[in-house]
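Visitor: Fold the following for me, if possible:
(chains A and B)
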Amino acid sequence: MVCRNVGKTWAEGTARAHEALRDIDLDIAPGEFVVLLGPSGCGKSTLLYLIAGLERQTAGSIFAFRDPVEGPSPDRSLIFQETSLFPWLTVWQNVSFGLSIRGAPEAERRAVAREALQRVGLAEAMEKRPDELSGGMRQRVAVARALAMRPKVLLMDEPFAALDVQTRAKMQDFLLDVWRDSGASVLFVTHHIDEAVALADRVVVFTARPGRIKSIIPIDLPRPRDPFSPEAEALRRQLTEELRSEVDRAFAEQEALTPG
Amino acid sequence: MNTDVAGTAVVPRPAPAPSGLSPATRQALARFGWAVLSVGLFAGIWEVLWALGWADEKLLPPPHIFLGNIPDQARFFNTATRWQIGVDANSGPSPYEAVFITIGATGMRVFVGLLIAAVLSVSIGVLIRYVGILEKLVLPTITLLSPVSPIAWLPVAIFIFGIGNAPAIFMVVVALFFHMVLSTISQIDNVNRNFINVARTMGASKRQVYARVIIPAILPQLLIVLRLNLFGAWMVVLVAESTGVGFGLGQVIMMARNTFNPSLVFFTIALIGLLGFLSDWLLRFVQKRVLYWVPETAGVLRGL
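Guide: Here you go, the predicted model:
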C-alpha cells in the first residue's frame, strides 16, 4: 500500500466543507502491522475508508499493489468497531457472504467458512445467529469473515473499542496469531496507546484536524510483548507525550467552535 | 336480564393456570384472560350505565341487547344480491351464510388491497432509491398526493371501477400506497452504513447490495408499517363499502343507519373489531416467523 500526498475534504466546495486529512505519505510493507494512533476525530478512520476504496480522496493518490485504488476490493477487508454481521444470516453464512456474492456453491462456502471459523476458534458456532454470540465472539466472526476473503490487507477501525479490557487483551493476542498465520498486512486504527504498543510494528501518530502524520515510531520489541517491561513503559510515555499536545489542540478547537 | 350487569364478575379472572402447563402456554392463557377482562370491563361499564337508565337502549343498546339476538341481526346481512333488481329480501343465502359471505368479502378486500399496496409501494420505494432519475421524477408527485384523504379518491374509484370489489380494493391501495412508499424510502436511508460498506468491500454490486443487504435490513420495519396500516385498511374499506361500492360490512352499517337500527350498528362494530384484532394477530404471527432475528424489545419496557 502506498499513499502519496493524500488529502480529503468533506463536502468540498460547500459552506460546510472541512478538511479531514492533509498530505498523508505512508507506505505499508507486505505483512507489516501498522497502527494509526491519534485523538478522536483526527481523520484516521477516514484514511482507512479511503484505502478501503469506500470514499474517494480529494487530493493525492493511493496505490494498492501498484494499481491506483478506484473502489472497494476483496483484497482489502475492512473490520468495523460496531458489529457489522448481518443479523438475518447464520454465522457461517455471514463468514461466506463474500463467496456467495461471487456465486460459489454451498459446499465450497461451508468449507471456507468452517476453515475461517476454525482459525478464530469458533468452528462450533457455525449454525448460530449473531445475536446468540457475545461481543468478543462477534468480532472474531467479523475477523473470520474478513479472512475468508483471503485479503492482502486487513483494515481495522477500532475493532475492539466496544469490548471490555480483559476481552480486548485476549482479542489482541488472537489478532496477532491470525495476522502471523495469514501473512496479510494490518492497518489498525485506535486511540488507545496501550493497544498501539501491544500490537504495532510501526505506530503512525496523527495530528488533530486536519489529520496529518506527526511522527512514525517503529517498535521492534519481540512478541509476545510484556506490557510492563521498561521498554513498553518508555514507549507509552513517548506516545503519550506525542499525543498530549494534539489532544490539547483538539480540545481548544472544540471549545472555540462551541458558542457561549 | 339484570343479571348481566354482573358481566364483569362472570369474566374469568386471569387465574394462575393449573400446574403442568408450559410457561409459554401459561403466558398465552394469562394474556387471553387479561384481554377478556379488558373487554368485559368495558362492556360492564356500558351495562351499568344502561341499568342506571343513563344509556338509552334505543340509541346506545348495551352488549346484551345487540349481541343477544344474533339470528335477528344476521338477517340484515343478506345484502349479497340486494342491489340487483328483482331479487326479494328473503331469497339468497341463509342469514348465517350471509354473515360469513359479508365478512369474507370485506376481509378479502382488506387483504388483497394490503397485499397490492405493500408489493407496489415497496418495489417503487426501492426503485426510487435505486434509480436516481426516478427519485427526481416521481417523488415530488408522491409527496404531493400522500396527504390527500382516501375519501377524496372515492369518486375516482367509482368513476374508474364502477361497483364491485375493484373500487373497494383500489381505495385500500390508494389509502396506503403513498405513505408506504415514503416510509420504505426513509427505511432504506436508515440502513446501517456498515452493512452496506461490508458488502461493498466484499465485491457486491449495487444490485447485490440492494437484494442481499438493504431489503432484508428494512424488512422488520416494513412489517411493522404493514401492521399499522392494516387498521387503516379496515377503516378505508368500510368507507368504500358504505358509499355504494357493492356489499360488505360497510353496506350493513349504512343500512343500519338508514333504517335507524343501532343494535345492528353495534353488532357490526363488534364484528369489525374482532376481525381487525384477528388479522393483527395473524400478521404478528407472520412477523415472528419471517423475522426470527429481530429481538423482542417489549420486555425492556416492562421493566420500567
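
Visitor: In chain A, mark out all the helices, start to finish.
Guide: Per DSSP state H, chain A carries helices over the ranges A:44-52, A:91-95, A:97-101, A:106-119, A:135-148, A:165-182, A:193-199, A:230-257.

Visitor: For chain B, find the nearest of those helices.
Guide: Within the helices of chain A, the stretch nearest chain B is helix A:97-101; the backing value is 3.6 Å (CB to the nearest CB). Every residue, glycine included, has its C-beta placed from N, CA and C.

Visitor: Which residues of the stretch 51-200 of chain B lie near chain A?
Guide: Proximity of the stretch 51-200 of chain B to chain A (CB under 8 Å from any CB of the partner chain) is limited to residues B:192, B:194, B:195, B:197, B:198, B:199, B:200.

Visitor: Now that the last one has come up, it's in contact with residue A:72, right?
Guide: Yes - using CB atoms under 8 Å, residue B:200 and residue A:72 qualify as a contacting pair, with a distance of 4.5 Å.

Visitor: Check the contact lists of these two and give me the overlap.
Guide: Common neighbours of residue B:200 and residue A:72 (criterion: CB atoms under 8 Å, 6 or more residues apart in numbering or on different chains): residue A:54.

Visitor: How about stretch B:65-73, which residues are buried there?
Guide: By neighbour count, and taking 16 or more other CB atoms under 10 Å in any protein chain shown as the criterion, the buried residues in stretch B:65-73 are B:65, B:66, B:73.

Visitor: Same check on stretch B:176-190?
Guide: B:176, B:177, B:178, B:179, B:180, B:181, B:182, B:183, B:184, B:185, B:187, B:188.

Visitor: same thing with stretch B:95-106?
Guide: Of all the residues in stretch B:95-106, those buried under the rule 16+ other CB under 10 Å are B:95, B:98, B:99, B:101, B:102, B:103, B:105, B:106.

Visitor: mind listing what's buried in whichever strand or helix holds residue B:230?
Guide: Using DSSP states H and E, the secondary-structure element containing residue B:230 is helix B:215-242. Taking 16+ other CB under 10 Å as the neighbour-count basis, helix B:215-242 is seen to contain the buried residues B:216-227, B:229-230, B:232-242.

Visitor: swap in stretch B:111-129?
Guide: Buried residues in stretch B:111-129, defined by neighbour count with 16+ other CB under 10 Å: B:111-114, B:116-118, B:121-122, B:124-126, B:128-129.

Visitor: Outside of it itself, list whatever touches it.
Guide: Contacts to stretch B:111-129, defined as CB under 8 Å, 6+ apart, come from residues B:134-135, B:138-139, B:165, B:168-173, B:175-178, B:180-185, B:188-189, B:210, B:214-215, B:222, B:226, B:229-230, B:233, B:236-237, B:279.

Visitor: send the alpha carbons of that stretch over as PDB?
Guide: Output in PDB follows, covering the C-alpha atoms of stretch B:111-129 (Å, rounded to 0.1, in the frame of the first residue of the first chain):
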ATOM      1  CA  PHE B 111     -56.100  -8.300   2.400                       C
ATOM      2  CA  VAL B 112     -55.900  -8.100  -1.300                       C
ATOM      3  CA  GLY B 113     -55.700  -4.300  -1.000                       C
ATOM      4  CA  LEU B 114     -53.000  -4.600   1.600                       C
ATOM      5  CA  LEU B 115     -51.000  -7.100  -0.400                       C
ATOM      6  CA  ILE B 116     -51.100  -5.000  -3.600                       C
ATOM      7  CA  ALA B 117     -50.300  -1.800  -1.700                       C
ATOM      8  CA  ALA B 118     -47.300  -3.500   0.100                       C
ATOM      9  CA  VAL B 119     -45.800  -5.000  -3.000                       C
ATOM     10  CA  LEU B 120     -46.300  -1.900  -5.100                       C
ATOM     11  CA  SER B 121     -45.100   0.600  -2.600                       C
ATOM     12  CA  VAL B 122     -42.000  -1.400  -1.500                       C
ATOM     13  CA  SER B 123     -41.000  -2.000  -5.100                       C
ATOM     14  CA  ILE B 124     -41.500   1.600  -6.100                       C
ATOM     15  CA  GLY B 125     -39.800   2.800  -2.900                       C
ATOM     16  CA  VAL B 126     -36.800   0.700  -3.600                       C
ATOM     17  CA  LEU B 127     -36.700   1.700  -7.300                       C
ATOM     18  CA  ILE B 128     -36.800   5.400  -6.300                       C
ATOM     19  CA  ARG B 129     -33.700   4.900  -4.300                       C
END
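
Visitor: mind checking how far that stretch is from the chain centre?
Guide: What separates the centre of stretch B:111-129 from the centre of its chain is 17 Å, taken as CA atoms, centre = their mean, to the nearest Å.

Visitor: same thing with stretch B:166-179?
Guide: Counting by CA atoms, centre = their mean, stretch B:166-179 is centred 13 Å from the centre of its parent chain.

Visitor: could I have that stretch exported to PDB, CA atoms only?
Guide: Extracted as PDB, the C-alpha positions of stretch B:166-179 are listed here (Å, rounded to 0.1, in the frame of the first residue of the first chain):
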ATOM      1  CA  ALA B 166     -62.300  -3.400  -7.600                       C
ATOM      2  CA  PRO B 167     -63.200   0.100  -6.300                       C
ATOM      3  CA  ALA B 168     -63.000  -1.100  -2.700                       C
ATOM      4  CA  ILE B 169     -59.600  -2.700  -3.200                       C
ATOM      5  CA  PHE B 170     -58.500   0.400  -5.100                       C
ATOM      6  CA  MET B 171     -59.500   2.500  -2.100                       C
ATOM      7  CA  VAL B 172     -57.400   0.400   0.300                       C
ATOM      8  CA  VAL B 173     -54.400   0.600  -2.100                       C
ATOM      9  CA  VAL B 174     -54.600   4.300  -2.600                       C
ATOM     10  CA  ALA B 175     -55.000   4.900   1.100                       C
ATOM     11  CA  LEU B 176     -51.800   3.000   2.000                       C
ATOM     12  CA  PHE B 177     -49.600   3.300  -1.100                       C
ATOM     13  CA  PHE B 178     -48.200   6.800  -0.700                       C
ATOM     14  CA  HIS B 179     -47.300   6.600   3.000                       C
END
